[in-house]
Structure formats: structure tokens, C-alpha cells
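J.: starting from these lines, generate the structure:
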Amino acid sequence: MSINTTILVGNVTDSPELRFLPSGKAVANFTVADTPRFQDPTSGEWKDGEALFQRVVAWGDLAENIAETVRKGTRVVIAGRLMQKSFTNNEGTKHNYTEIRAEEVAASLKYATAVITKTSRKTQ
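T.: Model (predicted):
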């Protein structure tokens with residue numbers, strides 16, 4: 001893992017999209033949402049803060065394992081590199097966004113249990 005490592009914990013907003021490049025390499029894309037909760041100091045009530053939606057991309061065996069395991073609503077822990085990307089739309093306007101290039105993805109055991117099954121794929 002590199003020195004620029006970001007850790008993100010949240011819920012997957014939709015089942016990951018798995019595709020294969022012409023080279024045969026797998027890539028999975030999905031979004032993770034995190035909504036912080038805080039206790040209002042005046043009323044004592046718990047309230048939701050502003051939600052963060054973060055794009056995540058994974059490659060190779062990790063991408064395939066994610067596609068086979070993770071579903072909408074799965075709470076995950078992601079470690080990866082925060083990347084800034086950009087694209088230019090049809091009108092010529094440049095848009096910037098961030099995504100996490102996942103190096104590790106794990107199911108959160110805070111509210112669930114899991115059964116670990118090793119795959120027969122080779123690691124990269």
C-alpha cells in the first residue's frame with residue numbers, strides 16, 4: 001500500500017458494475033455512501049449529517065471478487081488511493097471528480113457476519 005492511502009467506510013449504493021477490457025482485465029465500478037450522524041447539542045436528538053458519495057474502482061481479481069460478493073446495501077471498508085480525474089463534456093466544459101482506486105475491500109462486521117471463501121484465481 002502506498003503512503004497516500006485513504007480509508008472509507010460506507011454502504012454500497014448499487015450493485016457493482018463489472019466489465020472486462022479488450023485485454024481481458026476486469027474492472028469494477030461502484031459508489032459508496034457515508035452519512036455521518038451527530039447528536040444535536042440543544043435537543044439531544046440524533047440527526048443525519050450531509051451524505052458523502054464516493055466513486056470506487058477496482059481492478060483484476062479484486063474487481064471480480066467484489067462483483068461476486070458485494071451488493072447494494074453492503075457495508076464495506078475500503079483502503080485505496082484517492083485519485084483526481086477529469087472529463088470534458090460534449091459542450092467542452094471540463095469536470096473534475098475524485099475516485100478511490102481500491103487496493104483492499106472488506107465487508108464491515110459492525111452490523112453483519114461473513115463467511116470467507118478463498119478463490120482459486122491467481123493474485124496479481
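
J.: Provide the secondary structure category for the residue lying farthest from the centre of the chain.
T.: Here the chain reaches farthest from its C-alpha mean at Thr42, the gap being 34.6 Å by Cα atoms, centre = their mean. Following DSSP: H, G, I helix; E, B strand; the rest coil, Thr42 is assigned to coil.

J.: would you list the phi and psi of it?
T.: Backbone geometry at Thr42, expressed as degrees, to the nearest 10, gives phi -80, psi -50.

J.: for Gly60, same thing?
T.: phi 70, psi -140.

J.: tell me, how many residues neighbour it?
T.: The tally of other residues near Gly60 (other Cβ atoms under 10 Å) stands at 15. Yep, even glycine has a C-beta here, placed from its N, CA and C like the rest.

J.: hmm, it is touching Lys25, no?
T.: Yes: judged on Cβ atoms under 8 Å, Gly60 makes contact with Lys25 at a distance of 6.3 Å.

J.: what strands line up against the helix or strand containing Ile78, and which way round?
T.: In the assignment (DSSP states H and E), Ile78 maps to strand 75-88. Partners of strand 75-88 in the sheet, by DSSP bridges, are strand 6-12 (antiparallel), strand 94-107 (antiparallel).

J.: in the protein, where is pLDDT below threshold?
T.: 1-2, 121-124 (pLDDT under 70).
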